[in-house]
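Trainee: please work out how this folds:
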Amino acid sequence: MKKNAFFKKALTFISAAVMAGAIGLGAGIGSKVSAADGDGSTTPSSDNGASDTTTIILTKYAVAKDTGLTTQKDLTTEPDSSKDRVQGAVFTLYDVTDQYWKDVAPTLTGKGTAEDTTDADSLTANEHKYDLNTATKIDPETGSAVTEATKTDTAKTDANGQITYKDLPNYNAAGQYKVYLFHEESAPTGYTLSPDFVVSLPVKGADGTVYVYPKDEVTGAYQLKFTKIDANSETKLEGAVFYIKNGDQYAQVNGQYGENNQVVGFDKNPVTVKWVNTEAEATQFKSKADGSFGFSATTQTIKDGVTYGLTTGTEDKPQQYTIEEKTAPNGYKIDR
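Mentor: Sure, this is the predicted structure:
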């Protein structure tokens with residue numbers, strides 16, 4: 001009987017989903033699973049002095065569309081500060097341990113050929129998938145969807161694109177390894193949602209921490225366009241020079257700054273916009289004959305602690321961009 005065939009059909013829908021940054025379960029199961037008398041129960045083989053909890057740090061990366069995303073195989077590498085990150089993505093953490101082991105444990109007994117193996121050691125990350133749909137059943141009496149997943153926490157990625165889940169238990173009451181499912185509830189406008197992914201504990205780096213990197217594809221670009229006009233006649237004015245600001249920061253477009261590198265008018269094609277701290281680093285924007293100036297940019301990301309791009313903000317707090325006039329057109333005074 002090919003038990004593994006059922007395992008793959010029932011729980012292996014990850015290949016495509018993993019491409020967007022999902023994490024397989026292979027790293028967490030491995031040789032830590034043993035069967036007791038063939039009844040499907042499992043017992044962890046603990047290491048002496050091992051901690052009973054693990055901290056997981058989720059870092060939300062932003063990636064360009066159609067970049068050929070690959071599966072994350074290493075859960076022990078610290079975040080790369082040079083990668084674009086997403087602030088404001090909302091994730092819910094579910095504990096799916098009991099449901100997972102009820103569904104999967106019976107298949108993790110015995111050994112077979114490479115083709116039909118039921119040995120946990122040989123199951124790769126690409127052969128594991130457990131999502132919120134898998135953990136949701138239909139009640140035969142009511143016809144309603146009922147999830148056996150236990151909601152543990154809901155949080156939003158911070159300015160560094162991160163959520164830290166501290167001291168997650170490694171085992172349940174039965175001594176089985178904990179299995180946690182991460183579900184992205186929402187992402188900022190201009191990003192796709194990443195698929196559900198799971199992490200089976202314990203698996204951690206030398207610092208005792210697990211690092212996961214779900215990815216959102218950037219799908220949107222925004223236009224920030226202004227028009228300089230005469231306040232009385234509404235005549236469009238050429239030659240006014242401005243800084244564009246995000247709070248106390250200034251826009252720097254394509255690395256251009258200073259009077260000799262002014263951006264004239266408005267271009268609908270997205271540019272690289274970095275938000276800098278001083279006028280000396282800022283791009284100067286000059287209105288052209290139709291009074292227009294500004295730029296287009298992709299959805300906001302964070303990289304090396306620096307903000308790039310544009311955002312609409314949230315319903316509760318819409319984003320506000322402002323302008324600061326440096327030079328007025330001939331015959332006019334600077335707006336204050």
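Trainee: tell me, how many residues neighbour Thr92?
Mentor: Per other CB atoms under 10 Å, the neighbour tally for Thr92 reads 17. (Glycine included, C-beta is placed from N, CA and C.)
Trainee: mind listing what it touches?
Mentor: Lys151, Asp153, Thr154, Phe182, His183, Glu185 (CB atoms under 8 Å, 6 or more residues apart in numbering).
Trainee: if any of those are buried, put those into a ChimeraX selection.
Mentor: Provided next is the ChimeraX selection string for whichever of the contacts of Thr92 are buried by 16 or more other CB atoms under 10 Å:
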select :182,183
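Trainee: quick one, helices of the stretch 51-200 of the chain?
Mentor: In the stretch 51-200 of the chain, the helices defined using DSSP state H, counting those that start in this stretch lie at 97-104.
Trainee: show me the domain layout of the protein.
Mentor: With automatic domain parsing as the criterion, the domains of the chain are listed as 3-218, 221-327.
Trainee: low-confidence ranges, the stretch 1-150 of the chain, go.
Mentor: 1-51, 65-76, 103-148 (pLDDT under 70).
Trainee: repeat that for 50
Mentor: 1-49, 68-70, 106-129, 138, 145 (pLDDT under 50).
Trainee: skipping its backbone neighbours, what lies nearest Glu281 in space?
Mentor: Excluding its sequence neighbours, the residue lying closest to Glu281 (CB to CB, 6 or more residues apart in numbering) is Tyr257, at 5.3 Å.
Trainee: quick check, that neighbour in contact with Ala282.
Mentor: Yes - Tyr257 lies in contact with Ala282 (CB atoms under 8 Å); the separation is 5.7 Å.
Trainee: more neighbours: the two, which one.
Mentor: The neighbour comparison of Tyr257 against Ala282 (other CB under 10 Å) goes to Ala282, with 25 against 20.
Trainee: OK, contacts around the more buried one?
Mentor: So Ala282 contacts Tyr243, Tyr250, Ala251, Gln252, Tyr257, Val276 (CB under 8 Å, 6+ apart).
Trainee: which one of the residues you listed is nearest Ser287?
Mentor: Here the nearest of the contacts of Ala282 to Ser287, counting by CB to CB, is Tyr243; it sits at 12.9 Å.
Trainee: kind regards, and thank you for your time.
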